[in-house]
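In: Please find the sequence and the predicted model below.
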2 protein chains.
Amino acid sequence: MDLDSEFYRDLARPGTSKIVLLVMDGLGGLPMEPGGPTALEAADTPHLDALAQEGICGLHEPVGPGVTPGSGPAHLALFGYDPVRHDVGRGALSALGVGFALGPQDVAARGNFCTVDEDLTVVDRRAGRISTEACAALCALLRERVQLPNVTCFIEPVRDHRFLLVLRGNGLSGEVEDTDPQVVGEKVLEPKAASSAGKRTARLVAEFVRQAREALADRKPANMVLLRGFARRPNWPTLEEQYGLRGAVISGYPMYRGVGSLLGMEVLETGADPEEEVAVLERHWGDHDLFFLHVKATDAAGEDGDWERKVAEIAAVDALVPRIRALAPDVLVVTGDHSTPAALRAHSWHPVPVVLWSRHSRADDVARFGERACVHGALGPRFRAVDLMPLMLANALRLAKYGA
Amino acid sequence: MDLDSEFYRDLARPGTSKIVLLVMDGLGGLPMEPGGPTALEAADTPHLDALAQEGICGLHEPVGPGVTPGSGPAHLALFGYDPVRHDVGRGALSALGVGFALGPQDVAARGNFCTVDEDLTVVDRRAGRISTEACAALCALLRERVQLPNVTCFIEPVRDHRFLLVLRGNGLSGEVEDTDPQVVGEKVLEPKAASSAGKRTARLVAEFVRQAREALADRKPANMVLLRGFARRPNWPTLEEQYGLRGAVISGYPMYRGVGSLLGMEVLETGADPEEEVAVLERHWGDHDLFFLHVKATDAAGEDGDWERKVAEIAAVDALVPRIRALAPDVLVVTGDHSTPAALRAHSWHPVPVVLWSRHSRADDVARFGERACVHGALGPRFRAVDLMPLMLANALRLAKYGA
């Protein structure tokens, strides 16, 4: 009896209510030692605790039991798109994230400038994290020097050592495997076709890589490129088509703007500072139905293994909650896309705390927004992330009755 | 890995145990002000609390997360019939509810007598809620005056302004759209075919409406009819075929008798007063395996926005619980089909409290039958309503072991 997106599409009805989905990236965590608190539990969060007391809490599993999700699938689930059935290549997300108008025939890939030795063994996957300016100069160099037959190459700097590659031409395919071995000490991989449809594109990519290597030969540390996530733009219903929601994404990072843009949200201009993001929310409050507010710093602290910084970043977001509530949203949800425990320095499979507040949300006995406390909430200790969007819509009075 | 009805059909085994399913319609609720109690939490329910203490509790979602169900789907779920895969037209339910022997080729629809002005704009969808007697007289008039070619029309009074229309003939289809615009100020709709299969039936319905309008022209306020929910009788396995249960429905209302009858339950004669319903239960205790006891007053109070009346209706049912327990059922479940918060004056999506008691049910830490308390129960805070029937059967020792 799993209800699919078409079921909810038929029930969705228009409204004037407003929904805020505040995602603290990588919010869920672990104690640093047995019996200790998680970063969320340790953080001073009086406003999130008040929200927990007034609304309902729980923990969501982004993809499924035990599954550690990447950012793409984790966010798709939060918007009600089954992340297993909606598979988006990272390249396509990156393109949308930097505002590149990806055409339906284009193939996009994420690129890194990296350092290799003479036999193409990867020494540093990020070329010492060269600056964005250096990256832009190298992109300009590649644009000048690389030529592929019957295909236009777009090479755009993203941030630090990262760039975007888009191939435009007829009959291209995303069915090409990564050239990035993901670990140092291994050789750059040949771009292989993942299926017969990808053969021609794989040959073109191999030619791109060969010419790029020549162009970068004397540019150490950035003397090679790594490519991954070859993909075309998926063609899914937008949030407006699916739920009648005019959405907006407020995020300082390309990846999350990309997710929002892919689902038809308007990308609002902002930096990555949560205070600036809330100011953008305030300025655009009249313009949209759903605001997806994304905070990156919590995840970055977790990835760096910096539990104390994660505590501080969570507390900083908490301090902004009154400004969000002052806008009087009809539904306010605070959660993460996945867990990023500082103890693991990586994304993890652990369920992610959620608080859902609306005038009609009921309340439960949870009075503190944290991993242990949320286990006792009305949403349950391991609910499917894709169930969150229908609950937000219901609380916004945007779902019609099913059956007579 | 959702288990379907065929899986359970194969496990079901006969027995002499007895199950009572007491449904307080629209049981779940909301506080009237933040932090306040729901009607169930406020009601004096010592006997339901004792049941909660001895048995296991939880909250069910009738159809799915965020979905506000109509009465039909919500009840089908309680009997283990997936409400999305088992779609029953309201017309068919109404026919069964008034005891009309709906044939497999018949098409049924719900009718309202209504008031329209000269250009067929609906002024009152219920014609001032005319009495059942006036309704019966108008049905007799229509029976006399309306003639359709090669089709027999049955026109039966239901209650107040509501009547049942059944068309009997060859090649009829339920694929006809409502003529009821659902709101006043709009015109009566033409009966359109919902698919090509419904074209001939739609033409017959149009002719019925034309003749009915002529017959009622001088009968203001009841000067027109509205029709909705065209449907044939679905052909599903009965409770006896599915689970080996000889069921009985005890309800004063057509809709719920209709659901019971559709699933092969015997309809026991009763009024709508819960005390009378329990007396019927007592009289027929020896005759059936499963008793579906339906109380309407809780839902009606919720729909009227009357929180205090809902509190009183719940307390009145609680007072009858000892009489039910005195019959020594093997399994006793008390729940609602959906939530009807007085604060919303309508059905809602909120999970519905459940208590399941049997000698073998285990117990949990819930000692009070209410929305917040049930969150902590062994059945979970948001379990699927279709899972309830297998749990009732298991507690009645009516499911065989699966596998060796």
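Out: Done, it's in. Numbers count the residues shown, from 1 in each chain, chains lettered A, B, ... in the order given.
In: so what secondary structure elements neighbour the helix or strand where residue A:293 lies?
Out: Residue A:293 belongs to strand A:290-295 when elements are defined using DSSP states H and E. Where contact means 3 or more CB pairs under 8 Å, 6 or more residues apart in numbering or on different chains; DSSP states H and E, strand A:290-295 is packed against strand A:19-24, strand A:247-250, helix A:254-262, helix A:274-283. (C-beta placed from N, C-alpha, C; glycine too.)
In: among these, which gets the worst mean confidence?
Out: Mean pLDDT values for those show the minimum at helix A:254-262, a mean of 88.
In: Tell me the first helix or strand C-terminal of that helix.
Out: Past helix A:254-262, heading to the C-terminal end, the next element that is a helix or strand (DSSP H and E) is strand A:266-267.
In: Residues contacting that following strand, please?
Out: Applying CB atoms under 8 Å, 6 or more residues apart in numbering or on different chains, the set of residues contacting strand A:266-267 from outside is A:99, A:246-249, A:257, A:260-261, A:287-288.
In: mind checking how far that strand is from the chain centre?
Out: Once both centres are worked out by CA atoms, centre = their mean, to the nearest Å, strand A:266-267 turns out to sit 14 Å from its chain's centre.
In: Can you tell me the strand partners of that strand and which way each runs?
Out: Applying DSSP bridges, strand A:266-267 is found paired with strand A:247-250 (parallel).
In: still on that earlier bit, identify, from the contacts of strand A:266-267, the entry nearest to residue A:154.
Out: For those, the closest approach to residue A:154 (CB to CB) belongs to residue A:99, at 12.2 Å.
In: list the contacts for the closest one?
Out: With contacts defined as CB under 8 Å, 6+ apart, residue A:99 is in contact with A:257, A:267.
In: Please list the residues outside the strand holding residue A:293 that contact it.
Out: In this structure, residues lying in contact with strand A:290-295 by CB under 8 Å, 6+ apart are A:18-25, A:79, A:239, A:245-253, A:256, A:260, A:265, A:274, A:277-278, A:281, A:284, A:313, A:317, A:324, A:329.
In: Apply 6 Å and report the result again.
Out: By CB atoms under 6 Å, 6 or more residues apart in numbering or on different chains, the residues outside strand A:290-295 that reach it are A:19-24, A:245, A:247-251, A:256, A:260, A:274, A:277, A:281, A:317.
In: still on that earlier bit, now for the helices and strands packed on strand A:290-295, which one comes closest to residue B:147?
Out: For the helices and strands packed on strand A:290-295, the distance to residue B:147 is smallest for strand A:19-24, at 54.7 Å, taking CB to CB.
In: Format the CA atom coordinates belonging to the closest one as CSV.
Out: Only the C-alpha atoms of strand A:19-24 are listed here, as CSV (Å, rounded to 0.1, in the frame of the first residue of the first chain):
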residue,chain,number,x,y,z
ILE,A,19,5.5,26.0,4.1
VAL,A,20,9.1,26.4,5.3
LEU,A,21,11.4,23.4,5.2
LEU,A,22,14.6,24.2,7.0
VAL,A,23,17.2,21.6,6.3
MET,A,24,20.4,21.6,8.4
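In: Strand partners (parallel or antiparallel) of it?
Out: Sheet pairing of strand A:19-24 (DSSP bridges) gives strand A:290-295 (parallel), strand A:331-335 (parallel).
In: Next, give phi and psi for residue A:75.
Out: Note on residue A:75: backbone dihedrals following degrees, to the nearest 10 are phi -70, psi -40.
In: Surely it touches residue A:257?
Out: No. Residue A:75 is not in contact with residue A:257 according to CB atoms under 6 Å; the separation is 11.0 Å.
In: out of these two, which sits in the more crowded spot?
Out: Neighbours per residue (other CB atoms under 10 Å in any protein chain shown) separate residue A:75 from residue A:257, with residue A:75 holding more: 31 against 26.
In: Which residue, other than its chain neighbours, is closest to that one?
Out: Of all residues not flanking residue A:75 in the chain, residue A:259 sits nearest, at 4.6 Å (CB to CB, 6 or more residues apart in numbering or on different chains).
In: what about the one you found, how many neighbours?
Out: 28.
In: surely it meets residue A:77?
Out: No. With contacts defined as CB under 6 Å, residue A:259 does not count as touching residue A:77, sitting 10.8 Å away.
In: So which bits of chain A are right by chain B?
Out: By the criterion of CB under 6 Å from any CB of the partner chain, the positions of chain A lying close to chain B are A:1, A:3, A:364-365, A:378, A:380, A:387, A:390-391, A:393-394, A:399, A:401-404.
In: Please, where are all the strands along the stretch 101-250 of chain A?
Out: A:107-116, A:122-124, A:152-159, A:162-168, A:224-231, A:247-250 (DSSP state E, counting those that start in this stretch).
In: Return the most buried member of these.
Out: Highest mean neighbour count among the strands of the stretch 101-250 of chain A (mean count of other CB atoms under 10 Å in any protein chain shown): strand A:107-116, with a mean of 26.
In: Partner strands of it, with direction?
Out: strand A:122-124 (antiparallel), strand A:162-168 (antiparallel), strand A:224-231 (antiparallel).
In: Let me know the helix or strand that residue A:50 is in.
Out: Here residue A:50 sits within helix A:46-54, counting by DSSP H and E.
In: So what's the gap between that helix and the chain middle?
Out: For helix A:46-54, the distance from its own C-alpha centre to the chain's C-alpha centre is 26 Å (CA atoms, centre = their mean).
In: which secondary structure elements does the next helix or strand after that helix contact?
Out: From helix A:46-54 onward toward the C-terminus, using DSSP H and E, the following helix or strand is strand A:56-61. When contacts are defined as 3 or more CB pairs under 6 Å, 6 or more residues apart in numbering or on different chains; DSSP states H and E, strand A:56-61 packs onto strand A:352-358, helix A:371-374, strand A:380-384.
In: How about residues contacting strand A:56-61?
Out: Where contact means CB under 6 Å, 6+ apart, the residues beyond strand A:56-61 that reach it are A:351-356, A:361-362, A:364, A:366, A:374, A:377-383, A:385.
In: Of the residues you listed, which count as buried by neighbour count?
Out: Neighbour counting by 16 or more other CB atoms under 10 Å in any protein chain shown classes A:351-356, A:361-362, A:364, A:366, A:374, A:377-381, A:383, A:385 among the contacts of strand A:56-61 as buried.
In: pLDDT weak spots in the stretch 1-150 of chain A?
Out: Counting by pLDDT under 70, the ranges of the stretch 1-150 of chain A that qualify are A:1-2.
In: Show me where it has its helices.
Out: Under the criterion DSSP state H, counting those that start in this stretch, the stretch 1-150 of chain A contains helices at A:5-11, A:39-42, A:46-54, A:71-78, A:90-97, A:132-145.
In: and residue A:196, how many neighbours?
Out: 9.
In: From residue A:314, how far off is it?
Out: Counting by CB to CB, to the nearest Å, the gap from residue A:196 to residue A:314 is 49 Å.
In: got the buried residues for the longest helix seen in chain A?
Out: Using DSSP state H to define each element, chain A has its longest helix at helix A:199-216. Of all the residues in helix A:199-216, those buried under the rule 16+ other CB under 10 Å are A:200-202, A:204-205, A:207-209, A:211-212, A:215-216.
In: elements contacting that helix?
Out: Counting contacts by 3+ CB pairs under 6 Å, 6+ apart, helix A:199-216 is packed against helix A:132-145.
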